[in-house]
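K.L.:
Let me see the structure of the following:
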Amino acid sequence: VQLQASGGGLVQAGGSLRLSCAASGSTFPLYDMGWFRQAPGKQRGLVASMTSGGGTTYVDSLKGRFTVSRDNAKNTVYLQMNSLYPEDTAVYYCAARPLFKSNYDYWGQGTLVTVSR
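P.N.:
Numbering: from 1, shown residues only. So this is what the prediction gives:
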């Protein structure tokens, strides 16, 4: 599967952005999907994920501000980000994990989110 992330940009602190990740192919509903981010000088880490069945997980520190969703008819997963802080500045990546596998095997190219003070 090929993934294309979009929706990043420059936003002021307190603002919102919605990231999208469009997937190719007809098997998208079978993949667990994840959003990751990598801030300058830091390792990439999981932000949120949604299983093929619709179950969600979030990094504790982001609960209540970020929401992951998916539209299988559009082969797209979203990340709604509200009340953004400058510390949320990072490159955001989407990734797909095949069923019954432990690793995310497919990655999008990343989209940059910059939150200004």
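K.L.:
wait, what's in contact with the residue nearest the centre of the chain?
P.N.:
Nearest to the mean C-alpha position of the chain, counting by CA atoms, centre = their mean, stands Trp35 at 2.7 Å. With contacts defined as CB atoms under 8 Å, 6 or more residues apart in numbering, the neighbours of Trp35 are 19, 21, 46-49, 68, 77, 79, 92-95. Just so you know, the C-beta spots here come from the backbone N, C-alpha and C atoms, and that holds for glycine as well.
K.L.:
Only whichever of these are buried, select them in PyMOL.
P.N.:
Isolation of the buried members of the contacts of Trp35 (16 or more other CB atoms under 10 Å) is achieved in PyMOL through the command below:
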select buried, resi 19+21+47+48+49+68+77+79+92+93+94+95
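K.L.:
re the thing from before, which element is the residue nearest to the centre of the chain on?
P.N.:
Using DSSP states H and E, the element containing Trp35 is strand 32-38.
K.L.:
Quick check: mean pLDDT of that strand?
P.N.:
Model confidence over strand 32-38 averages 98 on the pLDDT scale.
K.L.:
continuing past that strand, what's the next helix or strand?
P.N.:
Scanning the chain past strand 32-38 towards its C-terminal end, the next helix or strand to appear is strand 45-50 (assignment: DSSP H and E).
K.L.:
now for that next one, which elements pack on it?
P.N.:
strand 32-38, strand 56-58, strand 66-71, strand 76-81 (3 or more CB pairs under 8 Å, 6 or more residues apart in numbering; DSSP states H and E).
K.L.:
right, and those strands - which one's nearest Ser6?
P.N.:
Comparing these against Ser6 with CB to CB, the closest turns out to be strand 76-81 (9.9 Å).
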